[in-house]
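**Student:** Mind looking at a prediction? Sequence and model below.
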Amino acid sequence: MIAGAVAGPSTVRVRVPATSANLGPGFDSLGMALRLHDDVEVRVVPDGGAPGRASVATCGESAADFPRDESNLIAHTTIATMRRCGVEPPYLDLTCATALPHGRGLGSSAAAIVAGVLAGRTLAARHRDPDAELALAADLEGHPDNVAACVYGGVTISWNEAEGQGHERARAVRIPVHPDIVVTLAVPGHRVPTSAARAMLPASVTHDDAVFTGARAALLVQAMSGRPDLLLPATADRIHQDMRGGTMPQTLHLVHALRRQGIAAVVSGAGPSVLALATTDLQDVVAAEAGSDWRVAVVDIDGGGAQVLEPHG
């Protein structure tokens, strides 16, 4: 590799959607992209500073959380991706306009990683290849559910497939989504770190709970694609949501209160946000149950996934 040698454009702009993983029973396998986006522009500055370093400017949601140098997750991933493509990156200048809140179960880290993968591959003159982008992003994220939905858009099923010598590669497929399904999103003012939520999970589950949840995950595919009348039973779960109640009691209270009303409510990812899936706009109902500390809105499913908007230079 030659330091500073960039074969692709000098500037790239990418857009990445928020995502919600699990959707109830689909733990670490089902994901949904939402029409809430971060926009990132990455500019090569050949004489701007040391190769492999970066400066980052941010505005928008959670902007204060972003490191301003190459330790920023988007910058770090862009640099790592370029190196995996055989290009030693020069100094990079990033501008990020963010709409995804951090620590709310909406895939902010997955979006950052996918943004860096797309930017790095584009700057290294690699053409779009969602399968390759997913494999690298999942490798960096550690699990494929959020990054799969972020890359492909829509609703995805993801899994890891053995490739020999102990290595696994992330794979994913999109499933059709019934056009009548409406997503209502409730986002609280507080955060829950994903690590804290995962630490609440048991090391094993009972046979009955595994069978119950596996059946609901299979049913959820049918409910999302053609039978939205089955969304309530299809989103039931016994292996992860209630176990996390100690880290997010308000979230579990909201989920159970909505489900008692016949609404298919689930924890979004590791929480603490909540999704309600229905065939009607539930904004007023969810807002009344959630209270003033929550932001509630109807959000469209993002069918396009991550995009490279403006490679040029």
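**Tutor:** Alright, I've got the coordinates.

**Student:** Mind listing the strands whichever helix or strand residue 296 is part of pairs with, and their directions?
**Tutor:** Under the criterion of DSSP states H and E, residue 296 resides in strand 294-299. Using DSSP bridges, the strands paired with strand 294-299 are strand 182-188 (antiparallel).

**Student:** thinking again about what came up before, list of residues touching the strand holding residue 296?
**Tutor:** 34-36, 182-189, 254, 281-283, 286-287, 290 (Cβ atoms under 8 Å, 6 or more residues apart in numbering). Backbone N, C-alpha and C define where each C-beta goes, glycine included.

**Student:** what do you get for stretch 120-129?
**Tutor:** Contacts of stretch 120-129 (Cβ under 8 Å, 6+ apart): 6-9, 12, 14, 42, 44, 77-82, 84-87, 89, 118, 132-133, 308, 311.

**Student:** Out of those, which end up buried?
**Tutor:** Buried by 16 or more other Cβ atoms under 10 Å: 6, 8-9, 12, 14, 42, 44, 77-82, 85, 87, 89, 118, 133, 308, 311, out of these.

**Student:** can you pull out the helices in the stretch 1-150 of the chain?
**Tutor:** For the stretch 1-150 of the chain, helices defined by DSSP state H, counting those that start in this stretch occupy the ranges 73-84, 108-123, 130-141, 145-152.

**Student:** can you give me the angle the second one makes with helix 145-152?
**Tutor:** For the pair helix 108-123 and helix 145-152, the angle between their directions (axes from the mean of the first three to the mean of the last three Cα atoms, to 10 degrees) equals 40 degrees.

**Student:** Using CSV, write down the CA coordinates of helix 108-123.
**Tutor:** C-alpha atoms of helix 108-123 as CSV (Å, rounded to 0.1, in the frame of the first residue of the first chain):
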residue,chain,number,x,y,z
SER,A,108,-26.6,4.5,15.5
SER,A,109,-23.4,2.4,15.7
ALA,A,110,-24.5,0.2,12.8
ALA,A,111,-25.3,3.3,10.7
ALA,A,112,-21.8,4.8,11.5
ILE,A,113,-20.1,1.5,10.5
VAL,A,114,-22.1,1.2,7.3
ALA,A,115,-21.4,4.9,6.4
GLY,A,116,-17.7,4.2,6.9
VAL,A,117,-17.7,1.1,4.9
LEU,A,118,-19.5,2.7,1.9
ALA,A,119,-17.3,5.8,2.1
GLY,A,120,-14.1,3.8,2.4
ARG,A,121,-15.0,1.5,-0.5
THR,A,122,-16.0,4.4,-2.7
LEU,A,123,-12.8,6.3,-2.0
